[in-house]
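J.: The following block contains a protein sequence and its predicted model.
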Amino acid sequence: MSKAIRLNELRLYINRVKKFKVDDLAKEFNVSRRTILRDLEELSILGVPLISEVGANGGYQVLEEKNLLAVSFTKEETFSIFFALLSLKHFISLPFESEYNSIIKKFYLNLNGKMKDEIDLIKNKIDFKIDNQSKESPLLKDLFMAVIGNEPLWISYLGVKREIQPVGLFSQYGRWYCPSYCYLRKEFRLFRCDRISEIGLSARNDKINLKDTNLNDIINILTQKKDYELVVELTPEGVEKYKSNVSLYYQISIDSKGYGVIKGSISEIELDFLTDYFIQMGKHAKVVEPVELRAKIKKKILELNDLYHDLYKKLL
C-alpha cells in the first residue's frame, strides 16, 4: 500500500473510531509504531484535529469535526465524481438543489491547478441527458428528510389530505415517486411527488419503523401489483425510431420487411410515459395491448383534437 493511500485510509479510519491507540493502528495497517506516529503527524499538519491523552488508558482522539471530508482521489476517481455531479444538473427537481450547486462549486474550487485545467478542457466534451424531466417536485427535500427521520407526514395529494410514512424516493420517466405506507389504506402505496402540494409533520403516535425497509423491495411490490402485457406493432420507420431514441427496455422482433413488434411487461406507473412516447411516434406505432394504454392514448388525442379545433374556429 502506498503512503498516499495509507494516509487516506488512516484518516477515514480514525474519523470513524474517534479514539485509538498507536499500537492498534500499527496492527490494523500492518506497519511499525514509528510509521504510524509519522502518519499522524502528517495528518495533523493537514488539518486533522488530533489530541493526545496520557495515562494507562491514554492514546489519541479526534475532535468532533464537521468538515472532515477532504479525501485524496486519483485523477480517474476525480473525473468520475465530477461528471457524476454534473449529470444531476438536468434534473428539474432534486432533494437538495441549492446544496448540489454549492457542492459542485466547492468540489471544483478545491481541485489543484492542473486538475482544474484538465476538467476545463474536457467538461464541454461530455454531457448527460435526462429525458422527460418534465414535472417539478418542490417538496422533495421535505420528503427526503422524513425518510431519514422515519417520520409520518400529512400531505395534500391532488387536493385530498392523506397521512403517509415515506420509505424513500426514486425517479423514473421524468417524475419523482415516493413509495409510502398509507395510513388510510393500511398498505404501501406509490405517490407521485409532483402531485403533492402541501406537506407537514403528522401528530400520529403510532408510526411504524421503516428504517430497515428496503426501498427496492417496496418498489418491486408496488410496480408488480398491476402488470400489463405490452404489444406494439411498428412500421420500419417506427422500428428505427424505437431503436434510436429509447433504451431497449422491451423485447422487439423484426421481420424480413423491417416491420417490428414490441413485447414486454409494464407496470401502472409506466402508462403515462408510454402514452406520450407512442403518441409522438404517430402512425409508425400501433398499441395493441394493454387496453388501458390504448384508452389513455385515445383520451390524449381527443384532448389535443379539441384544443386545436377550438384554435381553428377562432382563426375563421
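T.: Structure received. Numbering: from 1, shown residues only.
J.: List the buried residues in the strand or helix carrying residue 199.
T.: Using DSSP states H and E, the element containing residue 199 is strand 196-201. Across strand 196-201, burial judged by 16 or more other Cβ atoms under 10 Å covers 196, 199. Glycine gets a C-beta too; all of them are placed from N, C-alpha and C.
J.: and the helix or strand following that strand, average pLDDT?
T.: Using DSSP H and E, the helix or strand that follows strand 196-201 in sequence is helix 215-223. Computed over helix 215-223, the mean pLDDT rounds to 84.
J.: How far does helix 215-223 sit from its chain's centre?
T.: How far helix 215-223 lies from its chain's middle: 15 Å, per Cα atoms, centre = their mean, to the nearest Å.
J.: do stretch 18-34 as well
T.: 38 Å.
J.: So what touches that stretch?
T.: Stretch 18-34 has contacts (Cβ atoms under 8 Å, 6 or more residues apart in numbering) with 1, 6, 9-10, 13-14, 35-37, 40, 58-62.
J.: Among those residues, which are located in helices?
T.: 6, 9, 10, 13, 14, 35, 36, 37, 40 (DSSP state H).
J.: Residue 114: neighbouring residues, count only.
T.: 9 (other Cβ atoms under 10 Å).
J.: My read is that residue 151 contacts residue 203, right?
T.: No: assessed by Cβ atoms under 8 Å, residue 151 is found out of contact with residue 203, at 11.0 Å.
J.: Those two: who's more crowded?
T.: The neighbour count for residue 151 versus residue 203, taken as other Cβ under 10 Å, is higher for residue 151 (15 against 8).
J.: need the contact list for residue 35.
T.: Residues near residue 35 by Cβ under 8 Å, 6+ apart: residue 26.
J.: Assign the nearest residue to residue 167 once chain neighbours are set aside to one of the three secondary structure states.
T.: Of all residues not flanking residue 167 in the chain, residue 179 sits nearest, at 4.7 Å (Cβ to Cβ, 6 or more residues apart in numbering). Classification of residue 179 using DSSP: H, G, I helix; E, B strand; the rest coil returns strand.
J.: What separation do you get for the nearest residue to residue 158 once chain neighbours are set aside and residue 86?
T.: Distances taken as Cβ to Cβ, 6+ apart place residue 195 nearest to residue 158, at 5.3 Å, with adjacent residues excluded. Distance of residue 195 to residue 86, computed by Cβ to Cβ, to the nearest Å: 29 Å.
J.: same check, this time on residue 16
T.: Counting by Cβ to Cβ, the separation of residue 16 from residue 86 is 29 Å.
J.: Have a look at those two and say which one is more surrounded.
T.: Neighbour count, other Cβ under 10 Å: between residue 16 and residue 86, residue 86 has more, with 15 against 9.
J.: element containing the more buried one, please.
T.: helix 75-86.
J.: Buried by neighbour count: which residues of that helix qualify?
T.: 78, 79, 82.
J.: Can you list the helices and strands that that helix packs against?
T.: helix 97-109, helix 113-122 (3 or more Cβ pairs under 8 Å, 6 or more residues apart in numbering; DSSP states H and E).
J.: gap between the last one and the chain center?
T.: It stands for helix 113-122. That offset, for helix 113-122, works out to 27 Å (Cα atoms, centre = their mean).
J.: That helix vs helix 75-86, what angle?
T.: Note on geometry: by axes from the mean of the first three to the mean of the last three Cα atoms, to 10 degrees, helix 113-122 and helix 75-86 are set 50 degrees apart in direction.
J.: List the buried residues in helix 113-122.
T.: So, applying 16+ other Cβ under 10 Å, buried residues of helix 113-122: 115, 119.
J.: relative to strand 196-201, how tilted is the helix or strand that comes right after that helix?
T.: Following helix 113-122 in sequence order, the next helix or strand is helix 140-149 (DSSP H and E). Angle, helix 140-149 to strand 196-201, by the same axes, to 10 degrees: 40 degrees.
J.: and the lengthiest helix in the chain, what does it pack onto?
T.: Secondary structure of the chain per DSSP H: the longest helix is helix 291-315. In terms of contacts (3+ Cβ pairs under 8 Å, 6+ apart), helix 291-315 is packed against strand 228-234, helix 271-280, strand 285-289.
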